[in-house]
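**Q** Structure for the following, please:
(2 chains)
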Amino acid sequence: MGDPLFAEGVDLTVVLIVIGKVVVAFALLMVSVLFMIWFERKLIGDMQNRIGPNRAGPWGILQTLADGIKLFFKEDLIPDRADRVVFKLAPYLSLVPAFLTFTIVPIGGVFEGDRPGTVTIFGRETFLQVADPPIGILVLLAMSSVAVYGVMLAGWSSGSKYPLLGSVRASAQMVSYEAALSLAVASVVLMAGSLSTNTIVAMQGTAPWEWNLFVVVVVPFVVFLLAGTAELNRPPFDLVEAEQELVGGFHTEYSSIRFALFFLAEFMNTVTMAAIVVTLFLGGPRGPILFGPEWLWPPVWFLLKLFVFLFLFVWLRATLPRFRYDQLMDLGWKLLIPLSLGWLMVLAAIRVAQVQDWNVFAVLAVAVAGLLAAAGLLLAAVRTGQAVHRSGEILGEVTERQVEA
Amino acid sequence: MTSTNHDDEPTTGGARASAGTGDGGRRRGWAVTSEGGQELAARGEVSPLSFLREAGAVLRLSEADVAAMAEQVSADETMIINMGPQHPSTHGVLRLMLELQGEMVLRSKPVIGYLHTGMEKTAEELTYLQGATNVTRMDYASPFFNELVFSLATEALLEVEIPPRATWIRVLLSELNRMSSHFLFLATNGMDLGAVSMMLYGWRERELLLDFYEKVTGLRMNHNFIRPGGVAADLPPGWRDDVLRILDALPPALEDYDILMTGQPIWRERTQGVGVITAEEAMALGATGPILRSTGVPWDLRRSMPYLTYDELEFDVVVGTYGDTFDRYAIRLNEIRESMKIVRQVLDRIPPGDYRVQDKKVTPPPRGRIDQSMEALIHHFKIFTEGFRVPEGEVYVAVESPRGELGCYLVSDGSARPYRLHIRGPSFVNLQTLPHMLRGGLVADAVAIISSVDPIMGEVDR
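**A** The predicted structure follows:
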C-alpha cells in the first residue's frame, strides 16, 4: 500500500514532514534509552533490595546522562594489538542497525475504520513511522544480522583473549538464534500476508483476541521472545558479555565513548526489540480510543505495551542464572528452531486448507501427525548424536573420565 | 585459534616449570620461585614427567595414558588464558592458568601467593594473647574459627580447662559464623553463575549475623573475641532475643533461595554433573569440608572427632551423592539449616557462669582489683606486655570450619611467644582439587567450580 504521504508526489512539505519524523524518532529512541537504563537500574535495585541511582536529578533520573558525560570525557584507549580501523568501526556497526530497525516500527496512527494507520500532519495523511518499506520485516532481519558484525568484530579486533572468546560466542549465538527468530517472524508474515510492518499492524484488530499473539497461537510469540532476548544478549542469554566468565566479553578492551556506544546500542536494541514484539504480536499501537483526540491514544497504547516488555527484560535479568554456551545452543537448535519450523508448517497447512476449502480438521490431523513423526526422527537423531559423542570419538579421554566417574 | 597465539605473550611462553630451572621465567622477567616458574607452560614445552604430575598421576593415570593425552592435541590448537589474579570470579586474588581448546579446559594450574602477608611468621613475634588478633585475619569469612582453633591449641599446651559457659559461647559463635560464611558462599556462587540478585540476598542475610557479631564483639569481622582461656567478654544483655530474631528471619530467606536457585532449571543444568570429583580423588587430594562430603563421605570433625560440646548436640552431617557443584551448593545451603538447629540447642542449654578461666597465669585480674591491689596491677601489666608463658611442647588441633578441616599446629619453646605456628587452611588444600575438577569442562563451568570450592585467599596464602 505504501505511505499515503508520497501518493501525491514529493514537495517541500513532504520533505519537511519526513525530516521531522526522523528527528522525532531519533529523539524518542534516545529518550527511551535514557529512560530504559535508568528504569532498569532503579527497578533491579528494588528487586535486589537496594536503592539504585538517586543522586542525579529527581529519583536519579539523570543518572544515565551523567554517566554518558563522564564516559565522553574519559581517555579513549586503543590496545596495542588491536586492529585499529575495525576496532573503531565496530561500535557503529552495533549502533546504526539498532536505530535503523526502529524506523520501521509504527508508533502511532489511527487504524480504526478504513484508515490504514494514518494521522494528519499539515494537511497530509501519513503513517507514524519513519519508513514503511514493502520489505519491512526483511529490513528487521537484515539489521539484526548486521548488528552481529558489530559485536563479532569488536571482540576480534581487540587483539585480546577474553574479547575473542566473547566474539566467538557472539557469532555462534546470534547466528543460531537468528534462525529461530526468522522462523517465528515467518509465521506472522504468513498469517498477515505481508512483509510491511504497517500492514501487519493493520491486519490485527483492536481487541486483544484479534492480535497476532492469538492468530498464530502463542508459540511463535514465545519463540520470538526467547530468541529476541538471546539476540539482544540480555540475561539469561548474556554469555557474550558474561562478566563473571569473560570479564566483559567483546567490550572488555573498550573505554570512553566507544564503550558508551556499545552500551547505548545494547539498550537501543532492547527498546527496539520490545517495539518489534509489540508490532508483530500485540497489535502495535492499536487499542480502544477512550476520549479526546483519536491520534492521541495509539502512541499511548504503544508505549504501555512497550513498557510491559521492558519490565519483562529487567525481571528476567534479576531472576535467572546464565545459560552455559552448549545449553544455549541446545535450546536454540534442538528446541526453538524445530518448534518454530513445525509451527510454521502447521499454520501454512491451515492456511492452504482455508484457501482451497479443504476440511481444516483433516488437514490439521495430517499436519500434526507428520510433525510428530518429524519430532520423533529429530529426537532419535539427537540421541544417536549424543551416543556417538559419548562413545569418545570427539572428546577422547575427557569423556572417558566422566564415564568412569 | 592460531591467530591469538601471540608467541611473545608471557602467558603462552614456556615457563619450563618442569625443568625446575626457571631459566625461561627469569629471562622473561616473571615469577620464578625455588620450585621453578609458576606459570602453566605451553603444551609443547612441558616435559612428560611434569605433564604426568599435572594430569594427576597420583590418582589414576599411567604414563602411557598421559603420553597419549599429550599427543592428542597439538600446541597450536590450544590457547593458554590467564584467569586472575584480577578477575571478577576468582574470589580475591586466585590466579588460574587455563589451557583451552575452544572453550574447553584441557589443563589448568592455580597460581597462588598474591595475598601472602607472612602471617604465620608474624605469629612468632606476637604473644599468645595477641595471637588471636593475627589468626582471625586469615580466613576473613569465618574469623571465629581461626580464633577458636588457635585458642584450643594454646589451651591444650597450657592444659587449662575452660568454663562451660565459655565453651557454649564458642559453639554459638562458631555455628553463627558457619551460617554467615555459607551465606557469603551462596551470594558469590549465585553471582558467579549469573544470578546477580542472589549476591545481594546472600549479603542481606549475612548482614543480620554481622550485626549480631558487632553487638557481641564490637566488630563485624576480625573479632579477636575467642581467646586462649575463654572469650573476651560475656554475651551482651538481650543477646537471646537477637539470636531468636535471626533464627526466625532466616528460614523464609532459605525458602526463597530454594525457589531462586535450588529448583531453578537453569541453575540445575549449570551445576549438576559439573566439576565431579569422586570420594577416592577427594581423599587422595586431602580435600575436606563440603567438597569431601559432596562425594558421600560423612567426614565432619564435629562428629568424627568432636571438640567443644558437639558430642552433646543433635545435628545431621549433610552429605551429597554425586560430588558435583550442585551437591556442594546444596550441602552448604542445608548446613545453614543444621547450624540453626544447633544454635537453638545452644540457646536452651547454655549455662550461667564465668566466660573465661579463672587461672591467674592466663587471665588478667578484674578491673576492680587493679585499683585495690598492687600485685593485681603488676600482674595485669605483665600479662599485657610480656604475655603468659606456655609450657614447652607441640600440639595439633583441628576444627571443622565452613570450608573443611582447619588445623593449627603450635610449637612452644616455653616462652610467651609461639616458636612456630602453622595453620592448615582448608581452602589451601581444597584448591588442589581444582585442576581435576576443571578438566574437560567449559570456561563457564570453571567459574562455577571455583565458586563451589569457596576458597578464601587470605587463608590460602596466610
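**Q** how many neighbours does the residue nearest to A:Glu231 when sequence neighbours are not counted have?
**A** Of all residues not flanking A:Glu231 in the chain, A:Tyr177 sits nearest, at 5.2 Å (Cβ to Cβ, 6 or more residues apart in numbering or on different chains). The C-beta positions use only the backbone N, C-alpha and C, and glycine is treated the same way. Using other Cβ atoms under 10 Å in any protein chain shown, A:Tyr177 has 29 other residues around it.
**Q** A:Tyr177 against A:Asn233, yeah?
**A** No - taking Cβ atoms under 8 Å as the definition, A:Tyr177 is not a contact partner of A:Asn233, at 9.8 Å.
**Q** what residues does the stretch 51-200 of chain A put near chain B?
**A** Proximity of the stretch 51-200 of chain A to chain B (Cβ under 8 Å from any Cβ of the partner chain) is limited to residues A:81, A:161-162, A:164-165, A:168-169.
**Q** ok, now with 7 Å
**A** Residues of the stretch 51-200 of chain A found near chain B (Cβ under 7 Å from any Cβ of the partner chain) are A:161, A:164-165.
**Q** So, low pLDDT: which residues of chain A?
**A** Within chain A, the segments meeting pLDDT under 70 span A:1-2, A:113-115, A:242-244, A:389-405.
**Q** Could you give me the buried positions within the lengthiest helix in it?
**A** Looking across chain A with DSSP state H, the single longest helix is helix A:12-47. By neighbour count on 16 or more other Cβ atoms under 10 Å in any protein chain shown, the buried set for helix A:12-47 is A:14, A:18, A:21, A:25, A:29, A:32-45, A:47.
**Q** and if you look at stretch A:273-291?
**A** Those would be A:273-287, A:289, for stretch A:273-291 by 16+ other Cβ under 10 Å.
**Q** From those residues, list the ones also adjacent to chain B.
**A** Counting by Cβ under 7 Å from any Cβ, no member of those is near chain B.
**Q** and of those residues, the nearest to A:Leu312?
**A** A:Ala274 (8.2 Å; Cβ to Cβ).
**Q** mind checking how far the helix or strand harbouring the closest one is from the chain centre?
**A** Taking DSSP states H and E as the criterion, A:Ala274 maps to helix A:256-281. On the basis of Cα atoms, centre = their mean, to the nearest Å, helix A:256-281 sits 8 Å off its chain's mean C-alpha point.
**Q** Tell me the helix or strand right after that helix.
**A** helix A:297-319.
**Q** so where do the strands sit in the chain?
**A** In the absence of a named chain, chain A is used. With DSSP state E as the criterion, chain A has strands at A:118-121, A:124-127.
**Q** my bad, the chain I had in mind was chain B
**A** In chain B, the strands defined using DSSP E lie at B:32-33, B:36-37, B:79-83, B:95-101, B:104-111, B:226-227, B:230-231, B:393-401, B:404-412, B:418-424.
**Q** and the third one, what's its mean pLDDT?
**A** With pLDDT averaged residue by residue, strand B:79-83 scores 85.
**Q** so what strands line up beside that strand?
**A** The strands that strand B:79-83 pairs with in its sheet are strand B:95-101 (antiparallel) (by DSSP bridges).
**Q** Give me the distance from the partner strand to the chain's centre.
**A** Centroid displacement of strand B:95-101 relative to its chain, using Cα atoms, centre = their mean, is 23 Å.
**Q** Next, the angle strand B:104-111 makes with that strand.
**A** 160 degrees (axes from the mean of the first three to the mean of the last three Cα atoms, to 10 degrees).
**Q** domain assignment for the chain?
**A** Because you didn't say which chain, this covers chain A. Chain A is divided into the following domains under automatic domain parsing: A:67-323, A:332-392.
**Q** nope, chain B please
**A** Residue ranges for the domains of chain B, per automatic domain parsing: B:2-111, B:119-461.
**Q** Which neighbouring elements make contact with the helix holding A:Ala274?
**A** Helices and strands touching helix A:256-281, by 3 or more Cβ pairs under 7 Å, 6 or more residues apart in numbering or on different chains; DSSP states H and E, are helix A:12-47, helix A:63-72, helix A:84-102, helix A:197-203, helix A:212-215, helix A:219-231, helix A:297-319.
**Q** just so I know, which of the ones you listed lies nearest B:Gly113?
**A** Of these, nearest to B:Gly113 by Cβ to Cβ is helix A:84-102, at 35.0 Å.
**Q** quick one: the nearest residue to A:Asp238 once chain neighbours are set aside from B:Pro236, how far?
**A** Distances taken as Cβ to Cβ, 6+ apart place A:Arg322 nearest to A:Asp238, at 6.2 Å, with adjacent residues excluded. As judged by Cβ to Cβ, to the nearest Å, A:Arg322 and B:Pro236 stand 43 Å apart.
**Q** Repeat that for B:Pro306.
**A** For B:Pro306 relative to B:Pro236 (Cβ to Cβ), the value is 28 Å.
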